[in-house]
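Visitor: Show me how the following folds:
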Amino acid sequence: MKRHLFFLVLLLLAILPSTEAQMTDDEPALPFVNKEHYICAAMQLDDYLPLIEGKRVGIVGNQTSIVGQTHLVDTLLSLGIDVRKIFTPEHGFRGTADAGAKVNSGKDEKTGLPIVSLYGKNKKPTPEMLQGIDIILFDLQDVGVRFYTYISTMSYVMEAAAESKLPVIVLDRPNPNGFYIDGPVLKPENSSFVGMHPVPVVYGMTIGEYAKMVNGEGWLKDGIRCDLTVIPINNYDDAIYELPVRPSPNLPNWESVYLYPTLCFFEGTIVSIGRGTETPFQVYGHPNMRGSYTFTPQSTAGASKPLLEGQRCRGENLVEFAHDYAYNDNQLHLEWIIEAYQQQSDKGFFTNYFRLLSGDKQLQRDIESGKSADEIRASWRDDIEAFMAIRAKYLIY
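Guide: Sure, this is the predicted structure:
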């Protein structure tokens, strides 16, 4: 299905009655689909089993790597596939580790398979780690944002596989933030594990499409190319998507995933985004801010020692904003960051991490100089248009 069909869907939904809200003809509409709507690549066994039968398989996966209600590893083992190793990204194989916490290698208690961490000493598989493997199967649920590290893990896996002459199969999954493109394009001098490539913060591609772009644009080390196969999603279009499994500990629901592209910028500031509360990535606040909503971060599973732990924060709860998605502009909401900055007298509002998240020093400078959200967004236009020309070459749907 071509992407222009998505806009036809939007047009039809704009003139039909909505179960989410009563909308007029001139109000934007955005489809919302539940977790049963799409047939993810992992479920289409006939499309990739012939490619891995008789081979020693390494799987890059975590708690999101499921086939219906069963983990991909268990499914393949039950079908007689020779799975040799599990490679796991940030948050670990079970998806319970804190953001940024070291993930240790070990052994899966259920299957006895070795688990190799790609979020510890090595973020890129070493040749030794890949010994005894004939092919790599990659299946992680991305959220479509540059600083969400699963695409960085994928890039390193592709690079290591190319160097060891191993093929990689990416089992594609929906992008729950695939319905818009926004944000500064990363500058090479700001490259890090939370942003490796010259793409906007929100890039509007599935993880399979992104893999094709990384390969096709020569973004792997020394321009090396990976032997890459992408198994596509069936019945896919861009929409707000309710994930069947939380992709990481602090993205517990669709509202947090929807708000994540903007609220994650606060991770590079002194403002809390609700880690250590029941609403992570759905609220923001600080003890010195104004606002009608208050919360107090506490150390919890998946959020040990959160920012501003034990301090009463005042700010905003954005859950209802998320529920009004059909009325909202599909873009980053810089006004939240600008307003929070303007309420703080402390000049240390930004940390160096903000530069890595934004991928461009100019965003902080623009906020500090008093530019409006519209003025800042206009400065991205040329870079985004150039990116979209690159992106168009790798779209599958």
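
Visitor: what residues are up against the residue nearest to the spatial centre of the chain?
Guide: When CA atoms, centre = their mean is applied to the chain, the residue found nearest the centroid is residue 143 (2.9 Å). Listed by CB atoms under 8 Å, 6 or more residues apart in numbering, the contact partners of residue 143 are 175, 176, 177, 247, 251, 257, 260. All C-beta spots, glycine's among them, are computed from the backbone N, C-alpha and C.

Visitor: Now with 6 Å, please.
Guide: By CB atoms under 6 Å, 6 or more residues apart in numbering, the contact set of residue 143 is 176, 177, 247, 257.

Visitor: Not counting sequence-adjacent ones, nearest residue to it?
Guide: What sits nearest to residue 143 in space, not counting adjacent residues and going by CB to CB, 6 or more residues apart in numbering, is residue 257, at 5.5 Å.

Visitor: Tell me the secondary structure of that neighbour, please.
Guide: Per DSSP: H, G, I helix; E, B strand; the rest coil, the secondary structure class of residue 257 is helix.

Visitor: Give me the neighbour count for it.
Guide: 26 (other CB atoms under 10 Å).

Visitor: I'd like the distance between the closest residue to residue 90 other than its chain neighbours and residue 307.
Guide: Of all residues not flanking residue 90 in the chain, residue 119 sits nearest, at 4.4 Å (CB to CB, 6+ apart). In this structure, residue 119 and residue 307 are 20 Å apart, going by CB to CB, to the nearest Å.

Visitor: Show the pLDDT at residue 22.
Guide: For residue 22, the pLDDT comes out at 36.

Visitor: The stretch 251-397 of the chain: strands as residue ranges?
Guide: 283-286, 293-295, 313-317 (DSSP state E, counting those that start in this stretch).

Visitor: could those strands be laid out in TSV, adding mean pLDDT, mean neighbour count and distance to residue 82?
Guide: TSV is the format used below for the strands of the stretch 251-397 of the chain (pLDDT from 0 to 100; neighbours: other CB atoms under 10 Å; distance: least, CB to CB, whole Å):
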stretch	mean pLDDT	mean neighbour count	distance to residue 82
strand 283-286	98	26	47
strand 293-295	98	16	49
strand 313-317	98	20	50
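
Visitor: Which one, of these, ends up nearest to residue 368?
Guide: Nearest of the strands of the stretch 251-397 of the chain to residue 368, taken as CB to CB: strand 283-286 at 17.2 Å.

Visitor: Could you report the neighbour count for the nearest residue to residue 227 once chain neighbours are set aside?
Guide: Among residues not flanking residue 227 along the chain, residue 167 sits closest, at 4.0 Å (CB to CB, 6+ apart). Each residue near residue 167 was counted by other CB under 10 Å, and the total is 17.

Visitor: And for residue 110?
Guide: So residue 110, with other CB under 10 Å, has 10 neighbours.

Visitor: does it count as helix, strand or coil?
Guide: Going by three-state DSSP: residue 110 is coil.

Visitor: Among the contacts of residue 143, which lie within helices?
Guide: The helices, defined by DSSP state H, take in residue 257 from the contacts of residue 143.

Visitor: Looking at the contacts of residue 143, which is nearest residue 49?
Guide: Distances from residue 49 to these, taken by CB to CB, are shortest for residue 247, at 25.3 Å.

Visitor: residues contacting the closest one?
Guide: Residue 247 touches 64, 141, 143, counting by CB under 6 Å, 6+ apart.

Visitor: Now with 10 Å, please.
Guide: Counting by CB atoms under 10 Å, 6 or more residues apart in numbering, residue 247 touches 62-64, 91, 95, 140-143, 148, 150, 173, 176, 256-257, 260.

Visitor: between the strands of the stretch 251-397 of the chain, which one is nearest to residue 227?
Guide: With CB to CB as the criterion, residue 227 lies closest to strand 283-286 of the strands of the stretch 251-397 of the chain, at 43.4 Å.

Visitor: Low-confidence bits of this protein, can you list those?
Guide: Applying pLDDT under 70 to the chain picks out residues 1-29, 94-103, 346.

Visitor: Return the list of helices and strands in contact with the longest helix along the chain.
Guide: Scanning the chain for the longest helix, with DSSP H as the assignment, gives helix 150-163. Helix 150-163 is packed against strand 56-61, strand 82-88, strand 135-139, strand 168-171, helix 207-216, strand 228-231, with contacts defined by 3 or more CB pairs under 10 Å, 6 or more residues apart in numbering; DSSP states H and E.

Visitor: from the chain's centre, how far out does the second one sit?
Guide: The offset between the C-alpha centroid of strand 82-88 and the centroid of the whole chain comes to 23 Å, using CA atoms, centre = their mean, to the nearest Å.

Visitor: ok, now the longest one?
Guide: Distance of helix 207-216 from the chain centroid (CA atoms, centre = their mean) equals 14 Å.

Visitor: same deal with the last one?
Guide: In terms of CA atoms, centre = their mean, the gap separating the centre of strand 228-231 from the centre of its chain is 19 Å.

Visitor: What's the first helix or strand after it?
Guide: strand 240-241 (DSSP states H and E).

Visitor: same check, this time on the second one
Guide: Reading on from strand 82-88 to the C-terminus, the next helix or strand found by DSSP H and E is strand 106-107.
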